[in-house]
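Q: build me a model:
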Amino acid sequence: MSAMEHVQDNGLLRFLTCGSVDDGKSTLIGRLLFDTKTILADTLSAIERTSQKRGMEAVDLSLLTDGLQAEREQGITIDVAYRYFSTGTRKYIIADAPGHEQYTRNMVTAASTANLAIILIDARKGVLTQTRRHSYLAHLVNIPHLIVAVNKMDLVDYDQSVFEKIRADYLEFAAKLGIDDIRFIPMSALNGDMVVDRGDRLDWYKGPTLLDVLETAPAAHTEKAEKFRFPVQCVCRPQDSANPELHDYRGFMGRVESGEIAVGDEVTVLPSGLSTRVKAIELYGQPLTHAVSEQSVTILLADEIDISRGDMIVKTAEAPEPKKQIEAMVCWLSETPMDRARKYLIRHTTRESKAMVAGIEYRVDINTMEWVPADRLAMNDIAKVAFKLAQPVFCDPYAENRGSGAFIVIDESNNNTVGAGMIV
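A: Alright, predicted model coming up:
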């Protein structure tokens, strides 16, 4: 058997790093990239020169992610920085999210596609308000797996009692939110202990390293059976008079948001409610027997049904109820506050509908987790909001299906995205 046949592919993992200011998020990612040998030589040379200019003896690995000039000048992370790397057994997309409260919207955006979150805690400071806030936001957007990385253990002499105290404090808080899948890892991102290599200064910790956990974490769409949701993006009708075989070709193009579909499966088209069977599935013109989550394919149906962009193809036995009123947790992204007197556009998958704010049930104080009354939303606010829609959407609760449970709110006057919602 060749060496190539032994290579295991654990799928793509998207994960998020978050924490308060100076907890070492960017250094941790830099350490991951450095110790997995995924940094290009010219990149390493560049950050070595920058580190020397700053009078540092060691390479400042945080420079690998703090890419904006403003971030480097201030020494903080402002925007979400995405980095990509591979270990040979798995590919990764990392989102380094800002720690500041005023960048809550940036973190929510980054977290919306993550399947795992690393929450950094400075071993000297313990569980802070920002720790609770980021944990709440990760839980809100339904990230299923959390790693609490107790960083900077080198600054507390690698003391096990410090780690255990932080672990107990965090578990007490997490129980109130209902967070249950949590792994705790002591580490020093600066020195590399328990990130990729175990090091020799945390011998009292017998658990896996950070990379060990990342390598074995479940990929998205793999942990439970999901209902098939296929929002139609466009209808393909080739116009080629020289090829009469294409005269009756009608393919429905889109991305499988969740679940899977096979040739011969019975499907229903929403909103018409008409049912038929899948005649063929194509990818770049090549036939497939089935399609799975996150594949962009063309589906051909056995019967002629009037279908257009914004319709949804689902398995007949799994059809959702069309809804013209929805309740959702909304993160307000715009500097212009939400105006309850205005109309907005709701974009759900490929479907758009005019919408009005029917009511704001409460706003979440993300520092205390308390529910407070609200009649408007300012930028970075998170609230439970009800919308009335002009056209129905075909949705699932966000906790069950992140693809069909999410939407964005658009300002009709300028076409700006002003809010992001998760249907409850």
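Q: only C-alpha atoms from now on, for both contacts and neighbour counts.
A: Will do.
Q: domains of this protein?
A: 3-216, 229-318, 322-423 (automatic domain parsing).
Q: quick one: the strands in the stretch 51-200 of the chain?
A: Taking DSSP state E, counting those that start in this stretch, the strands of the stretch 51-200 of the chain run over residues 81-86, 91-96, 116-122, 145-151, 182-186.
Q: strands paired with the second one, and their directions?
A: Based on DSSP bridges, the pairing partners of strand 91-96 within the sheet are strand 12-18 (parallel), strand 81-86 (antiparallel).
Q: give the buried residues for the biggest strand by length in the chain.
A: The residue-count maximum for a strand in the chain (DSSP state E) belongs to strand 351-365. The neighbour-count check on strand 351-365 (16 or more other Cα atoms under 10 Å) flags 351-364 as buried.
Q: next one: stretch 317-333
A: Buried residues in stretch 317-333 (16+ other Cα under 10 Å): 319, 320, 325, 326, 327, 328, 329, 330, 331, 332, 333.
Q: nearest to residue 130 among the residues you listed?
A: residue 331 (17.2 Å; Cα to Cα).
Q: pull the number of nearby residues for the closest residue to residue 362 other than its chain neighbours.
A: Once flanking residues are discounted, residue 362 sits nearest to residue 373: 4.9 Å by Cα to Cα, 6 or more residues apart in numbering. Counted by other Cα atoms under 10 Å, the residues lying close to residue 373 total 11.
Q: now do residue 286
A: 9.
Q: all strands of the stretch 301-424 of the chain, in order?
A: Ranges of strands within the stretch 301-424 of the chain are 312-315, 322-332, 343-348, 351-365, 370-372, 382-394, 406-411, 417-423, based on DSSP E, counting those that start in this stretch.
Q: where does the stretch 201-350 of the chain dip in pLDDT?
A: Low-confidence segments of the stretch 201-350 of the chain (pLDDT under 70): 240-247.
Q: and the strands of the stretch 51-200 of the chain, which one is worst for confidence?
A: If you rank the strands of the stretch 51-200 of the chain by mean pLDDT, strand 81-86 sits at the bottom with a mean of 84.
Q: go through it and flag the buried ones.
A: Residues of strand 81-86 classed as buried by neighbour count (16+ other Cα under 10 Å): 81, 85.
Q: and it, how far from the chain's centre?
A: 14 Å (Cα atoms, centre = their mean, to the nearest Å).
Q: next one: the residue most central in space within the chain relative to residue 30, how far apart?
A: Centroid-nearest residue in the chain: residue 113, 1.6 Å away (criterion: Cα atoms, centre = their mean). Relative to residue 30, residue 113 is positioned 21 Å away (Cα to Cα, to the nearest Å).
Q: next: residue 39.
A: Plainly put, residue 39 is 9 Å away from residue 30 if you go by Cα to Cα.
Q: for residue 305, same thing?
A: Going from residue 305 to residue 30 by Cα to Cα gives 52 Å.
Q: what about the longest strand of the chain, average pLDDT?
A: Averaging pLDDT along strand 351-365 yields 97.
Q: before we move on, what about stretch 377-397?
A: 97.
Q: in it, which residues are buried?
A: Applying 16+ other Cα under 10 Å to stretch 377-397 flags 377, 379-389, 391-397 as buried.
Q: ends of stretch 249-269, what's the gap?
A: Using Cα to Cα, one end of stretch 249-269 lies 18 Å from the other.
Q: still on that earlier bit, the residue nearest to residue 362 reaches residue 361, doesn't it?
A: Yes. Counting by Cα atoms under 8 Å, residue 373 does reach residue 361; the two are 7.1 Å apart.
Q: tally of neighbours for the residue nearest to residue 259 when sequence neighbours are not counted?
A: The shortest distance from residue 259 to any non-neighbouring residue, by Cα to Cα, 6+ apart, is to residue 228 (4.1 Å). By other Cα under 10 Å, 24 other residues sit near residue 228.
Q: distance to residue 212 for the buried residues of stretch 317-333 - can I get that in a markdown table?
A: As requested, the buried residues of stretch 317-333 are arranged in a markdown table below (distance: Cα to Cα, whole Å):
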| residue | distance to residue 212 |
| --- | --- |
| 319 | 39 |
| 320 | 39 |
| 325 | 44 |
| 326 | 41 |
| 327 | 39 |
| 328 | 36 |
| 329 | 34 |
| 330 | 35 |
| 331 | 33 |
| 332 | 36 |
| 333 | 35 |
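Q: residue 18: which of the residues you listed is nearest?
A: Nearest to residue 18 among those, with distances taken as Cα to Cα, is residue 331, at 17.6 Å.
Q: ok, the helix or strand encompassing residue 267: who's next to it in the sheet?
A: Using DSSP states H and E, residue 267 maps to strand 266-270. Next to strand 266-270 in the sheet, as set by DSSP bridges, lie strand 274-283 (antiparallel), strand 312-315 (antiparallel).
Q: neighbours around the closest residue to residue 350 other than its chain neighbours, how many?
A: Once flanking residues are discounted, residue 350 sits nearest to residue 310: 4.8 Å by Cα to Cα, 6+ apart. Residue 310 has 22 neighbours, counted by other Cα under 10 Å.
Q: separation between residue 310 and residue 270?
A: Look at residue 310 and residue 270: by Cα to Cα, they are 9 Å apart.
Q: now do the same end-to-end measure for stretch 140-155.
A: Across stretch 140-155, first to last residue, Cα to Cα, it's 32 Å.
Q: give the buried residues for it.
A: 140-154.
Q: quick revisit: the strands paired with strand 91-96 into TSV, with extra columns for distance to residue 55?
A: As requested, the strands paired with strand 91-96 are arranged in TSV below (distance: least, Cα to Cα, whole Å):
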stretch	distance to residue 55
strand 12-18	27
strand 81-86	25
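Q: nearest to residue 184, out of those?
A: Nearest to residue 184 among the strands paired with strand 91-96 is strand 12-18 (14.2 Å), distances taken as Cα to Cα.
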